[in-house]
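Trainee: Next one to model:
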Amino acid sequence: MRQALAMELVVQILRTADVLLRESREVFRAHGISPAQFNVLNVLADHPEGLSQREISDILVVDRSNVTGLIDRMSAAGWVRREAVPGDRRAWRVRLTPAGRALWKEAFPDYAGAVGAAFAPIGATEGRQVLAVLKKVEARAPEVAAAARVKGGA
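Mentor: From the prediction side, this is the model:
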């Protein structure tokens, strides 16, 4: 692939992600939450046993320090609770509270509807193709970054 096309693809992926994030804020604002808070609610909704903060940060691909503050604020709002992990004084499991689950149940249909509407112009076959291509790029990126670190002497 030509370098110019690759650069154009990167810019378009970032622009698309930015627009989706910006517009999702409107959906979440109606529920009094941020996109990051919704993401935590959404991840925990599938894990009634809870997740560690590290697992949450890994799933959301964000730094653990960002998750700590986010969980602090969500706990203060009564949407999640931390529970000590037996045998590990440093670890916590984070679970949805009934209020958090109710908030997720309220917000999720609006978000799912907005996502469905945004992707309505493409069909299932095209959607699977785009997904496959993005997964290839994601899988290759760490290898490229590692090669760049070696080349740069880091």
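Trainee: for the helix ranked longest in the chain, what is the average pLDDT?
Mentor: Secondary structure of the chain per DSSP state H: the longest helix is helix 124-152. For helix 124-152, mean pLDDT rounds to 87.
Trainee: domain ranges for this protein?
Mentor: Here the domain assignment for the chain is 3-121, 122-154, based on automatic domain parsing.
Trainee: Buried deepest among the ones you listed, which one?
Mentor: domain 3-121 (a mean of 14; mean count of other Cβ atoms under 10 Å). For every residue, glycine as well, the C-beta is placed using N, CA and C.
Trainee: What ranges does this protein have for its helices?
Mentor: With helices called from DSSP H, the chain shows them at 3-29, 35-45, 53-60, 64-76, 98-118, 124-152.
Trainee: nearest to residue 85, of those helices?
Mentor: Smallest distance to residue 85 across those (Cβ to Cβ): 10.8 Å, for helix 53-60.
Trainee: Pull the residues that contact the closest one.
Mentor: 36, 39-40, 43-44, 51, 63-64, 66-68, 71, 92, 94 (Cβ atoms under 8 Å, 6 or more residues apart in numbering).
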